[in-house]
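Chemist: Sequence first, then the predicted structure, then my questions.
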Amino acid sequence: MNIIDYLRLLLREWKHPYRRDFLRGGVGILERFKRCERYWAPHLKLSREFITRGLHDLERAQIAVLGAGRLFDVPLREMSEVAQGIALVDADPGAVPSWRKAQKNLSRSTTTFDFLVTDVSGRMDAWTTELGRLGPNCSEREAVELFTALAASKGMTPFTTSTFDCILSVNLLSQIPLFWEDRVRAKWPHLATGPEDRMSPKVEHALAASKKLLIQEHLQLIGNLSKRRVIILTDTLFHYYTKDNAHWRTEEALGENASITLPSFTLTATDSWLWHLAPQGIERAEYGEIHKVSALLFERIGSVVS
């Protein structure tokens with residue numbers, strides 16, 4: 001990152017203190033893209049193609065893109081050809097300049113755009129505030145009790161009460177719980193004393209349950225907001241490899257035995273592929289990362305696309 005970009009990041013962090021991790025995450029994605037562009041190219045191409053196919057018979061639609069980011073994997077031009085309105089949504093304020101630039105490049109389009117910077121989980125900020133209230137020296141019992149109370153609290157509709165013809169969730173389903181976990185571990189480092197910085201089994205179990213709730217609520221949100229169609233792109237497996245070993249270490253991106261379902265919707269198309277996220281030696285000498293990506297297209301039961 002050059003000095004100008006670094007100063008921009010610091011300014012945005014000062015203006016958006018509760019978005020610091022999302023801001024840094026967005027910059028990290030941008031820097032990783034620059035380093036690994038040729039490795040990312042197949043994944044981005046397949047993502048854009050799957051989304052484009054999912055828009056095939058929409059006309060004058062209202063479309064929302066949750067997790068729009070820098071639009072690397074979003075076919076915005078093709079989307080603008082079928083959309084009357086497009087809402088670009090992300091928790092990272094640093095994505096907005098990319099949205100403005102992309103809109104300017106579509107100067108002949110009559111599509112209207114909304115830019116929404118918000119926590120799409122509807123939970124993250126409120127939960128993080130509660131972490132801070134408990135304090136940095138809480139006991140394991142207090143931590144577990146807080147997780148239980150958070151799960152019982154009512155979530156908020158994060159950005160709108162409107163509905164859309166089509167909702168896109170782009171690389172969000174596995175990332176929302178990771179941001180939450182990072183916030184927990186940052187607030188309570190004293191509880192991460194076990195091997196690989198793991199907390200006690202009870203706290204880890206409670207944390208896993210809260211992450212599962214975030215996933216379930218995200219699926220519920222996009223199902224409630226879409227009148228016709230939902231397109232989901234998400235990591236489902238994280239593979240870690242070394243060049244001198246044929247055995248990969250694999251983690252479930254959505255937790256154990258996770259399934260992606262939407263009540264009142266039918267799954268009509270799927271695809272999957274491998275995304276070489278970070279080759280060994282480019283970011284880390286010890287290992288490289290390959291993610292399995294799943295793409296899913298859901299149609300609301302009984303919907304009629306005009």
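Modeler: Noted; the coordinates are in hand.

Chemist: Do I have it right that W127 meets L150?
Modeler: Yes - the pair W127 / L150 is scored as a contact, 5.3 Å apart, by CB atoms under 8 Å. Every residue, glycine included, has its C-beta placed from N, CA and C.

Chemist: which neighbours do these two share?
Modeler: Here W127 and L150 share the contacting residues S210, scored by CB atoms under 8 Å, 6 or more residues apart in numbering.

Chemist: where do the strands sit along the stretch 101-250 of the chain?
Modeler: Ranges of strands in the stretch 101-250 of the chain, per DSSP state E, counting those that start in this stretch, are 112-117, 164-170, 226-242, 245-252.

Chemist: residues in contact with stretch 90-102?
Modeler: Contacting residues not belonging to stretch 90-102 are listed as 8-9, 12, 15-16, 19, 22-23, 25-27, 66-71, 76, 88, 113, 115-120, 124 [CB under 8 Å, 6+ apart].

Chemist: ok so, going back, and among the strands of the stretch 101-250 of the chain, the most buried is which?
Modeler: strand 164-170 (a mean of 25; mean count of other CB atoms under 10 Å).

Chemist: I'd like to check what contacts it. Which residues are they?
Modeler: Residues contacting strand 164-170 (CB under 8 Å, 6+ apart): 47, 51, 54-55, 58, 61-69, 73-74, 87, 218, 222, 225-234, 305.

Chemist: before we move on, the earlier item: take the contacts of stretch 90-102 and keep only those in helices.
Modeler: Applying DSSP state H to the contacts of stretch 90-102, the entries found in helices are 8-9, 12, 15, 22-23, 25-27, 76, 124.

Chemist: which among those end up buried?
Modeler: Neighbour-count burial (16 or more other CB atoms under 10 Å) applied to those gives 8-9, 12, 22-23, 25-27, 76, 124.

Chemist: Of all pairs in these, which one spans the longest distance?
Modeler: By the measure CB to CB, L76 and M124 form the most distant pair in these, at 26.0 Å.

Chemist: The residue positioned nearest the centre of the chain - nearest residue in space that isn't next to it in sequence?
Modeler: Centrality entry for the chain: nearest residue to the mean C-alpha point is L172, 1.9 Å, by CA atoms, centre = their mean. Sequence neighbours aside, G67 is the residue nearest to L172 in space, at 3.8 Å (criterion: CB to CB, 6 or more residues apart in numbering).

Chemist: wait, isn't that neighbour in contact with N171?
Modeler: Yes - counting by CB under 8 Å, G67 does reach N171; the two are 5.6 Å apart.

Chemist: Save the buried ones among the ones in helices among the contacts of stretch 90-102 as a markdown table, and put in distance to D165 and pLDDT too.
Modeler: As requested, those are exported to a markdown table (distance: CB to CB, whole Å; pLDDT from 0 to 100):
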| residue | distance to D165 | pLDDT |
| --- | --- | --- |
| R8 | 35 | 70 |
| L9 | 36 | 68 |
| R12 | 32 | 75 |
| F22 | 27 | 86 |
| L23 | 31 | 87 |
| G25 | 29 | 85 |
| G26 | 27 | 87 |
| V27 | 33 | 87 |
| L76 | 16 | 96 |
| M124 | 27 | 84 |
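
Chemist: For these, give me CSV that also has distance to K212.
Modeler: Below are these laid out as CSV (distance: CB to CB, whole Å):
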residue, distance to K212
R8, 36
L9, 32
R12, 31
F22, 21
L23, 26
G25, 21
G26, 25
V27, 29
L76, 32
M124, 15
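
Chemist: Among those, which one lies nearest to R249?
Modeler: For these, the minimum distance to R249 (CB to CB) is 22.8 Å, reached by G25.

Chemist: thought that closest one was touching F179?
Modeler: Yes - if you go by CB under 8 Å, G25 and F179 touch, sitting 7.2 Å apart.

Chemist: residues in contact with whichever strand or helix holds I63?
Modeler: Using DSSP states H and E, I63 sits within strand 61-66. Outside strand 61-66, the residues within contact range by CB under 8 Å, 6+ apart are 55, 74, 79, 82-90, 120, 160, 162-170, 172, 222, 225, 228.

Chemist: For the protein, just list every one of the helices.
Modeler: Counting by DSSP H, the helices of the chain are 3-15, 20-54, 76-80, 96-105, 124-134, 140-152, 175-187, 201-225.

Chemist: got those helices as CSV, with distance to L267 columns?
Modeler: Output for the helices of the chain, formatted as CSV (distance: least, CB to CB, whole Å):
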stretch, distance to L267
helix 3-15, 38
helix 20-54, 12
helix 76-80, 21
helix 96-105, 30
helix 124-134, 28
helix 140-152, 28
helix 175-187, 21
helix 201-225, 12
